[in-house]
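Asker: Attaching a predicted model along with its sequence, questions to come.
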Protein chains: 2
Amino acid sequence: MDEVKLFGYWPSPFTQRITWALKLKGVNYEYIEEDLPFNKSKLLLQYNPIHKKTPVFVHGGKPIAESVVILEYIDEVWPENPLLPEDPYEKSVVRFWAKFIDEKTWPMFSFFRKEGEEQEKAIHDCHEILRTIEENAGLGENKKFFGGDKIGLADLVLGYLFHFYLPMEDVAGVKVFKSDMFPRLHAWMKNFGEVPVIKDNVPHHDRVVELLKMRRQMPPPNP
Amino acid sequence: MDEVKLFGYWPSPFTQRITWALKLKGVNYEYIEEDLPFNKSKLLLQYNPIHKKTPVFVHGGKPIAESVVILEYIDEVWPENPLLPEDPYEKSVVRFWAKFIDEKTWPMFSFFRKEGEEQEKAIHDCHEILRTIEENAGLGENKKFFGGDKIGLADLVLGYLFHFYLPMEDVAGVKVFKSDMFPRLHAWMKNFGEVPVIKDNVPHHDRVVELLKMRRQMPPPNP
């Protein structure tokens, strides 16, 4: 009963976090692609009755929802290539940033569906959030990643900057995440994208662009 | 340098979570009351430059912000009376509910400042959230608390239902958290309030009512 399954959706930043963690730790698992947003499987709804969303991680028949909760579980059960520093204080710093990124960066994408003045306001808000991370997370000084030299929890949570945010900018036709405004975050993204497990497991840019173009013409999904 | 300090605000549900954890674990600490919302200390702003909010926990000179991150830290550094179950799966269930409660229950309070139809809508949303917890968290079946027999992380996060929510209802003059609608949550609240450390460390109902009456006549604080 130690079967490992991941119910995901290929372009989803949240699914991607789990894929990376499992690959980093060398865990074998079965991947089940969900047909979102309109055709969720019965199993998905049964395993995640509260949020009805991917990703859902199932280990030995027991389901876990919420990507950060899943990451903590994976890190405890498969301790190789740890996602959290050992020191409790450093761990709390990584958890602080993982939470900040998880809560603040998704709404940042509102620029994608807006135009004109509304879009400018959304871009301004987006810059505020990126600047907070840029200036306060200690990246670039003595840290390659949020937790130090090794890729970890907060990096996986922010990883979609790399494979989802850039395509979003392309589709919206605006440059928000500018390298001269956010040099440390850009250096972080370069370090992140060079890690083989990351580079080799990322949705293809053009495929994401194609999906986002379609999505931009549809009404936003239900919350 | 193992000094333990808590920067808090006496009626704050978020401060209260930390107070309870420290008392449960028998940790000696210095409590520094902040004069909120208009007169934050320099130290608070220095220790929590991102959110500029209480609680801030300082251990050996190192600050931690975000109440759930602080609770995880405290639980690791002072393992007696653990706040999380040992089993990784059970732990993930408690973390799931702690996250759900932390994210969903605070906005639930919007009924407090509303009137008429708007208030009815807010109360409806509030019931949805309470019903989700009532029906899905496994309370009451074989569990006295979210993690089983002992009080833990998710209980401390929801604890303000007991000392903050009830006074809010009194001030707004509405009954939202009805015992016949939410029998399991009411049984949970009774169990929770009977734990000596909780009962003995809770802001006084009348003092909270007095503060909330004043607050209801003021504009809402800045986010």
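Answerer: Yep, that arrived. Residues are numbered from 1 along each chain as shown, chains lettered A, B, ... in the order given.

Asker: Starting from the lengthiest helix in chain A, tell me the next helix or strand along the chain.
Answerer: For chain A, the longest helix by residue count, based on DSSP state H, is helix A:116-136. Per DSSP states H and E, helix A:116-136 leads on to helix A:153-158 as the next helix or strand towards the C-terminus.

Asker: which residues touch that following helix?
Answerer: A:17, A:20-21, A:67-68, A:71-72, A:75, A:83-84, A:94-95, A:97-98, A:101-102, A:105, A:133, A:137, A:145-147, A:188, A:192 (CB atoms under 8 Å, 6 or more residues apart in numbering or on different chains). C-beta coordinates here come from the backbone N, C-alpha and C atoms, glycine included.

Asker: Could I get the average pLDDT for it?
Answerer: Per-residue pLDDT values across helix A:153-158 average out to 98.

Asker: Stretch A:172-191 too?
Answerer: On average, stretch A:172-191 scores 94.

Asker: What separates the first and last residues of it, distance-wise?
Answerer: The straight-line separation of the ends of stretch A:172-191 (CA to CA, to the nearest Å) is 26 Å.

Asker: do it and chain B meet?
Answerer: No. Stretch A:172-191 does not reach chain B (CB under 8 Å from any CB of the partner chain); its nearest approach is 15.6 Å.

Asker: secondary structure element for the residue lying closest to residue A:109 once chain neighbours are set aside?
Answerer: Closest residue in space to residue A:109, ignoring its immediate chain neighbours: residue A:168 at 6.3 Å, by CB to CB, 6 or more residues apart in numbering or on different chains. Secondary structure assigned from DSSP H and E places residue A:168 in helix A:166-172.

Asker: Please report phi then psi for residue A:28.
Answerer: Here is the backbone geometry of residue A:28 (degrees, to the nearest 10): phi -80, psi 140.

Asker: quick one: it and residue B:124, what's the gap?
Answerer: 46 Å (CB to CB, to the nearest Å).

Asker: Next to chain B in this structure, residues from chain A, please.
Answerer: So chain A meets chain B at A:49-50, A:59, A:62, A:64-66, A:68-70, A:72-73, A:76-77, A:88-89, A:91-93, A:95-96, A:99-100, A:103, A:132, A:136 (CB under 8 Å from any CB).

Asker: Which PyMOL command selects the buried ones in those residues?
Answerer: What follows is the PyMOL syntax for the buried subset of these, where burial is set by 16 or more other CB atoms under 10 Å in any protein chain shown:
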select buried, chain A and resi 50+59+64+65+66+68+69+70+72+73+76+88+91+92+93+95+96+99+100
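
Asker: Give me the subset of the residues of chain A next to chain B that lies in helices.
Answerer: A:68-70, A:72-73, A:76-77, A:88-89, A:91-93, A:95-96, A:99-100, A:103, A:132, A:136.

Asker: Run through chain A and note the low-pLDDT ranges.
Answerer: Counting by pLDDT under 70, chain A contains low-confidence ranges at A:1, A:220-223.

Asker: hmm, 80 instead?
Answerer: A:1, A:107-109, A:141-142, A:218-223 (pLDDT under 80).

Asker: And it, what are its domain boundaries?
Answerer: A:4-77, A:88-216 (automatic domain parsing).

Asker: could you redo those domains as a markdown table and give each row distance to residue B:116?
Answerer: As requested, those are exported to a markdown table (distance: least, CB to CB, whole Å):
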| stretch | distance to residue B:116 |
| --- | --- |
| domain A:4-77 | 31 |
| domain A:88-216 | 29 |
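
Asker: roughly how far apart are the closest residue to residue A:53 other than its chain neighbours and residue A:7?
Answerer: Nearest non-adjacent residue to residue A:53, counting by CB to CB, 6+ apart: residue A:65, 7.3 Å away. The gap separating residue A:65 from residue A:7 is 10 Å, by CB to CB.

Asker: How about residue A:172?
Answerer: 29 Å.

Asker: and the residue nearest to residue A:109, how many residues sit next to it?
Answerer: Neighbourhood size, residue A:168 [other CB atoms under 10 Å in any protein chain shown]: 22.

Asker: That one is in contact with residue A:215, isn't it?
Answerer: No. The pair residue A:168 / residue A:215 is not scored as a contact, 9.8 Å apart, by CB atoms under 8 Å.

Asker: just to revisit the earlier point, ok, residue A:28 and residue B:124, which is more surrounded?
Answerer: The residue with more neighbours, out of residue A:28 and residue B:124, is residue B:124; 11 against 7, by other CB under 10 Å.

Asker: what's in contact with stretch A:36-55?
Answerer: Contacts for stretch A:36-55 (CB under 8 Å, 6+ apart): A:6-9, A:12, A:14-15, A:17-18, A:32, A:34-35, A:56, A:58, A:63, A:65-67, A:70, A:221-222, B:100, B:132, B:136.

Asker: related to what we said a few turns ago, the longest helix of chain A to helix A:88-104, inter-axis angle?
Answerer: 180 degrees (axes from the mean of the first three to the mean of the last three CA atoms, to 10 degrees).

Asker: I appreciate the help and will end here.
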